[in-house]
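Student: I'll drop the sequence and a predicted model, then ask my questions.
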Amino acid sequence: MQGTLAQVDGRWELTFVRRLAHSPEKVWRTLTEPEHLAVWFPTAIEGDRAPGAPLRFVFRDGEGPPSDGEMLAYEPPWRLEYRWGDEILRFRVEPDGPGCVLTLVDVFDQLGKAARDAAGWHTCLDVLGHHLDGDLPPWPASARWADVHPGYVERFGPEAATIGPPASG
């Protein structure tokens, strides 16, 4: 369940793989429908769900300024990819027995934010898992972030932790 960090073609990639006991279709809805995104994703995503469509990412509680993006791929219920500012987020959903495997890849340029963002995506995916299971996490998201962040700093090294916690963390 831990994220991994690798440098690929001059950029950094955080990769998370989660096995989920839910159908690809159910997971897809959680990745794409606003009422589900509101539970686990850090921003609202405004815009059409179609390749090439412009997107706007708006933090619900003002943790940061809105940013623009673009839907790069939208292939229900298997592949979703978009540009968020200068980052690329890729989601892949693959059948796995009665459930599925969800892979999230975050591609970015600044190594210094790797531990911060890894802890953030780790927390978001934990919340997503609880949401899919129909229950609430046993901790506030900020507490979960604080619990997992030190492990990412240790695994990725101090150079991957030069950019601090998010405004809400």
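Tutor: Received the coordinates, thanks.
Student: How many residues are close by Asp126?
Tutor: 20 (other Cβ atoms under 10 Å). All C-beta spots, glycine's among them, are computed from the backbone N, C-alpha and C.
Student: Surely it and Arg144 touch.
Tutor: Yes. Using Cβ atoms under 8 Å, Asp126 makes contact with Arg144 at a distance of 6.1 Å.
Student: Now tell me what touches the helix or strand hosting Gly129 from outside.
Tutor: Counting by DSSP states H and E, the element that carries Gly129 is helix 114-133. The contact list for helix 114-133 (Cβ atoms under 8 Å, 6 or more residues apart in numbering) reads 1-3, 5, 12, 14, 16, 18, 20-22, 26-27, 30, 36, 39-42, 102, 104, 106, 108, 136-137, 141, 144-145, 148-149, 152-153, 156, 160-161, 163-166, 169.
Student: ok so, going back, can you list residues touching both of Asp126 and Arg144?
Tutor: Pro137.
Student: so how far is Thr15 from the residue most central in space within the chain?
Tutor: For the chain, the residue nearest the mean C-alpha position is Trp121 (4.5 Å; Cα atoms, centre = their mean). As judged by Cβ to Cβ, to the nearest Å, Trp121 and Thr15 stand 10 Å apart.
Student: before we move on, back to that, buried sites along the following helix or strand past the helix holding Gly129?
Tutor: Downstream of helix 114-133, the first helix or strand assigned by DSSP H and E is helix 141-156. The neighbour-count check on helix 141-156 (16 or more other Cβ atoms under 10 Å) flags Ala141, Arg144, Trp145, Val148, His149, Tyr152, Val153, Phe156 as buried.
Student: pLDDT on helix 141-156, on average?
Tutor: The average pLDDT for helix 141-156 rounds to 96.
Student: What lies in contact with that helix?
Tutor: 2-3, 5, 114-116, 118-120, 122-124, 126-127, 137, 139, 160-161, 165-166, 168-169.
Student: Overlap of the contact sets of Trp121 and Thr15?
Tutor: Gly3, Leu104.
Student: For Ala160, see how far away Phe16 is.
Tutor: 16 Å.
Student: between those two, which one's more packed in?
Tutor: The neighbour count for Phe16 versus Ala160, taken as other Cβ under 10 Å, is higher for Ala160 (22 against 19).
Student: what's across from Val87 in the sheet?
Tutor: One correction, residue 87 is Glu, not Val. Beta-bridge pairing for Glu87 (DSSP bridges): Trp84.
Student: Let me see the contact set for it.
Tutor: Glu87 neighbours (Cβ under 8 Å, 6+ apart): Asp106, Val107, Phe108.
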